[in-house]
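J.: just to be clear, the model below is a prediction. Sequence and coordinates:
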Amino acid sequence: MATVTISKAERSYIQTSLQAKPPLRADGRALLDYRTVLLETGVAPLANGSAKLNIGKTSGEGGGGTEILAATKLEVEDIENGEGVEGGRISCSVTCSPSAYPHISSNALDDLQYDYTTILQQTLSHPTLHPPNLGILPKKRSWLLSLDLVVVSDSGNVFDALFMAARAALWDTKVPRTRPVQYRANPSGRSSGDNMQVDQENDQETTSGFDTRQMAATAADFELPDYWDEGETLGGREKWPVCVTLNILPPVHFLDANVHEEASVPLRLLLAFSFPPNSSANLQAMRLLGPGELDLAQMKSLIAYGQKYAKDLFTALEVKLREEDTRRNVKARTRFAAR
Amino acid sequence: MAQSNFDRRRINGPEESFPPTFEDDEGEPSSLGWRLGQPRQGRAASDIRPIFLKAGLITQANGSAYIETQRSKIACAVYGPRQSKSTVYSENGRLNVEVKFAPFSCTRRKVPIRDAEDRSVAVQIHQALLPSIRLELLPKSTIDIFITIIENDGIDGCIAAGSVAASTALADAGIEMLGLVIACSACTIGKEIWLDPNNDEAQASSGTLIYASMPALGTVTNVSQNGRLTPDEAIRCMEACQERCIDIHAVVAEALLENAQQS
């Protein structure tokens, strides 16, 4: 999936340096070093959760690096008449900004978007990661969580960045609290306004409250008890996976490749690990990309390495996400109180 | 503007339509009455579905194969090596895999327009075949592989069977390869590993894995895993698939030999 073509001489140069002792990379990093990762959550105020992630931003110029914007939006879906599923569902989509890939045609860009979307959708919407609080009214209404990611610029290692940004946006997502309401028709024929406190924007029922023929016995709709409350955090946030891409150039492997290194490497192994608390690590996705081959023994050792790297990445990301939570909530409140 | 559903080349049906639900279907997860928790129906945990493979069925193509595993049926045609349509010089040949689901292949009708699932299957099969073909011998050429899924019983099984059919078709076309690519799928149900799951078993499992390898060389060409598996389970699945791939290799070799002897 390399989006840059390089000459044989350049490829050979990069491969020889990586296989040298000690291994050399263009920016002087070690084989297992990541570039600087910058993360900010809450960047899209209209979204239910959002994050902006940048890997390898060159300081001073203010540009460069792989930049991903992720945002989640919750919509109400009808289970009986619409596409809703009991318990809610998640839908992911990745868009590649044409400015990130100026050299490739729009068809190839569409294909690239499809590929990124497929791997994210298959991993994050799998039932084993499904959050518990996406339902609203059993058998009637549920939430559709749309996770949209935009690749603003690509400087290598897009998969790791996509998963990290997705995790951050999902961590930041708040689901509005809902309360089921019932319609009760007034027997005298007039509707009584004090029984119904339905928030007009969320009214999905086609039968009018003034219709006295309907005597719905069960909860027919829901309301938001507090319009200004952002809601409770999305459940299952400890389970969202992180991805590491191992670039394999026998006999070495390395992490966080830039675009030229990605084009010189015959095989890449994507591993998405989830580290739920009090439980052993789980593999949530695995993909192999490229024309190279491996044997099974090498696969086993690479999976073990991948788990170690993913754990380090996960721990660092977790620290940063909690720090972001504090910055935006606790510190903001103390700053506001002290002004 | 009417988007997405408006297909000018065909007579469009009504915009919204729902498949009928029959009374005895409700509460019955599959026609065979299998439910999660029961032992596997009809075969052991490490048995794959019996394979019927025949090469050379599509005479118009350079190479072709048809594979059937119980309820999955896939036809594959290979055209090539032929001249690349693009004017950019490429030193190595190009491999182009196109997959099409017949509209009647799944329980819910698939629109004839190309959609995302077609491409994801094509990408997996492309990845499985890419390391095995000697593309460096075919500059400026393209090999086109067209796969039609006539009936789909489990998407992982389809990807695995499609890879096997494509590799057989490539051998039938006489294209030079390093080895035959054989693929097998697996899933975890509870603590057990079941090979070659059909649709019901795959939906009920917690994780699935598709493994493609070249048994002649002992190398892995594609591994694709979805769902939750511990790393140990994933490794055990891969080892089970590797053993099974060696058995399937014998079936493919026999089908190709039979085809060569007949013609």
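T.: Happy to help now that I have it. Numbers count the residues shown, from 1 in each chain, chains lettered A, B, ... in the order given.
J.: and chain B, which residues reach chain A?
T.: Contact residues (CB under 8 Å from any CB of the partner chain) of chain B with chain A: B:116, B:119-120, B:123, B:127, B:130-131, B:135, B:206-207, B:209, B:214, B:217-231, B:234-235, B:238-239, B:242. Quick note: C-beta positions are derived from backbone N, CA and C, even for glycine.
J.: select only the buried ones of the residues you listed in ChimeraX?
T.: Only the buried entries of the residues of chain B next to chain A go into this ChimeraX selection, using 16 or more other CB atoms under 10 Å in any protein chain shown:
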select /B:119,120,123,127,130,131,135,206,207,209,214,219,220,221,222,223,224,225,226,227,228,229,230,231,234,235,238,242
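J.: the residues of chain B next to chain A in strands, which ones?
T.: Counted as lying in strands by DSSP state E, out of these, are B:207, B:209, B:214, B:219-229.
J.: what angle separates the helix or strand where residue B:157 lies from strand B:219-229?
T.: Per DSSP states H and E, residue B:157 falls inside helix B:155-172. If you take axes from the mean of the first three to the mean of the last three CA atoms, to 10 degrees, helix B:155-172 sits at 170 degrees to strand B:219-229.
J.: can you lay out the ones in strands among the residues of chain B next to chain A as CSV showing pLDDT?
T.: Listed next are these as CSV, based on pLDDT from 0 to 100:
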residue, pLDDT
B:207, 92
B:209, 94
B:214, 95
B:219, 93
B:220, 94
B:221, 94
B:222, 94
B:223, 94
B:224, 94
B:225, 93
B:226, 92
B:227, 90
B:228, 91
B:229, 91
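J.: export these to CSV and tack on distance to residue B:183?
T.: Output for those, formatted as CSV (distance: CB to CB, whole Å):
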residue, distance to residue B:183
B:207, 17
B:209, 11
B:214, 10
B:219, 13
B:220, 10
B:221, 8
B:222, 7
B:223, 10
B:224, 10
B:225, 13
B:226, 15
B:227, 18
B:228, 22
B:229, 18
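J.: not counting its neighbours along the chain, what's nearest residue 134?
T.: Picking chain A for this. residue A:88 (2.6 Å; CB to CB, 6 or more residues apart in numbering or on different chains).
J.: that's the wrong chain, I meant chain B
T.: Nearest residue to residue B:134, sequence neighbours excluded (CB to CB, 6+ apart): residue B:176, at 4.4 Å.
J.: what's the pLDDT at the one you found?
T.: Note for residue B:176: predicted pLDDT of 94.
J.: which residues does it contact?
T.: For residue B:176, the contacting residues are B:133, B:134, B:137, by CB atoms under 8 Å, 6 or more residues apart in numbering or on different chains.
J.: PyMOL command for the buried members of those?
T.: With 16+ other CB under 10 Å as the criterion, this PyMOL line picks the buried residues out of the contacts of residue B:176:
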select buried, chain B and resi 133
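J.: which of the contacts of residue B:176 lies closest to chain A?
T.: residue B:133 (9.0 Å; CB to the nearest CB).
J.: thinking again about what came up before, what does the model give the residue nearest to residue A:134 for pLDDT?
T.: Residue-level confidence at residue A:88 comes out at 86, pLDDT.
J.: could you measure from it over to residue A:130?
T.: From residue A:88 across to residue A:130, the span is 8 Å (CB to CB, to the nearest Å).
J.: more neighbours: the two, which one.
T.: Using other CB atoms under 10 Å in any protein chain shown as the criterion, residue A:88 and residue A:130 rank with residue A:88 on top: 23 against 17.
J.: any low-confidence regions in the chain?
T.: You didn't pick a chain, so chain A it is. A:1-3, A:59-63, A:184-219, A:228-229 (pLDDT under 70).
J.: oops, I was thinking of chain B
T.: Residues of chain B that meet the criterion pLDDT under 70 lie in B:1-6, B:24-37.
J.: only C-alpha atoms, please: export whichever helix or strand comes after the helix holding residue B:157 in CSV.
T.: Sequence-wise, the next helix or strand downstream of helix B:155-172 (DSSP H and E) is strand B:182-189. The C-alpha trace of strand B:182-189 is given here as CSV (Å, rounded to 0.1, in the frame of the first residue of the first chain):
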residue,chain,number,x,y,z
ILE,B,182,-3.4,-22.9,-0.2
ALA,B,183,-5.6,-21.2,2.3
CYS,B,184,-7.7,-22.3,5.2
SER,B,185,-9.9,-20.5,7.7
ALA,B,186,-10.4,-21.1,11.4
CYS,B,187,-12.5,-19.8,14.3
THR,B,188,-12.6,-20.0,18.0
ILE,B,189,-15.8,-21.2,19.7
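J.: chain center to the following helix or strand past strand B:182-189, what's the gap?
T.: Per DSSP H and E, the first helix or strand lying C-terminal to strand B:182-189 is strand B:192-195. Distance of strand B:192-195 from its chain centroid, counting by CA atoms, centre = their mean, to the nearest Å, is 19 Å.
J.: equivalent analysis for stretch A:231-247, please.
T.: Centroid displacement of stretch A:231-247 relative to its chain, using CA atoms, centre = their mean, is 7 Å.
J.: list the buried residues of it.
T.: For stretch A:231-247, by 16+ other CB under 10 Å, it's A:231, A:233-234, A:236, A:239-247.
J.: so where do the helices sit in the stretch 151-300 of chain A?
T.: Remark: helices assigned in the stretch 151-300 of chain A by DSSP state H, counting those that start in this stretch are A:158-172, A:259-264, A:296-326.
J.: who are the packing partners of the first one?
T.: Using 3 or more CB pairs under 8 Å, 6 or more residues apart in numbering or on different chains; DSSP states H and E as the contact definition, the elements that helix A:158-172 packs against are strand A:37-41, strand A:49-55, strand A:66-78, helix A:106-124, strand A:141-153, strand A:242-249, helix A:296-326.
J.: between those, which gets nearest to residue B:166?
T.: helix A:106-124 (19.2 Å; CB to CB).
J.: partners of the helix or strand following the closest one in the sheet?
T.: As assigned by DSSP H and E, the chain's next helix or strand after helix A:106-124 is strand A:135-137. With DSSP bridges as the test, strand A:135-137 is paired with strand A:141-153 (antiparallel).
J.: just the CA coordinates for the strand it pairs with, please, in PDB.
T.: The C-alpha coordinates for strand A:141-153 follow below in PDB (Å, rounded to 0.1, in the frame of the first residue of the first chain):
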ATOM      1  CA  ARG A 141     -34.300   3.000  19.500                       C
ATOM      2  CA  SER A 142     -30.600   2.700  19.700                       C
ATOM      3  CA  TRP A 143     -27.500   4.900  19.000                       C
ATOM      4  CA  LEU A 144     -25.500   4.700  15.900                       C
ATOM      5  CA  LEU A 145     -22.000   5.800  16.700                       C
ATOM      6  CA  SER A 146     -20.300   7.100  13.500                       C
ATOM      7  CA  LEU A 147     -16.500   7.300  13.800                       C
ATOM      8  CA  ASP A 148     -15.100   9.400  11.100                       C
ATOM      9  CA  LEU A 149     -11.400   9.800  10.500                       C
ATOM     10  CA  VAL A 150      -9.600  12.100   8.100                       C
ATOM     11  CA  VAL A 151      -6.100  11.600   7.000                       C
ATOM     12  CA  VAL A 152      -4.900  15.100   6.600                       C
ATOM     13  CA  SER A 153      -1.300  14.300   5.700                       C
END
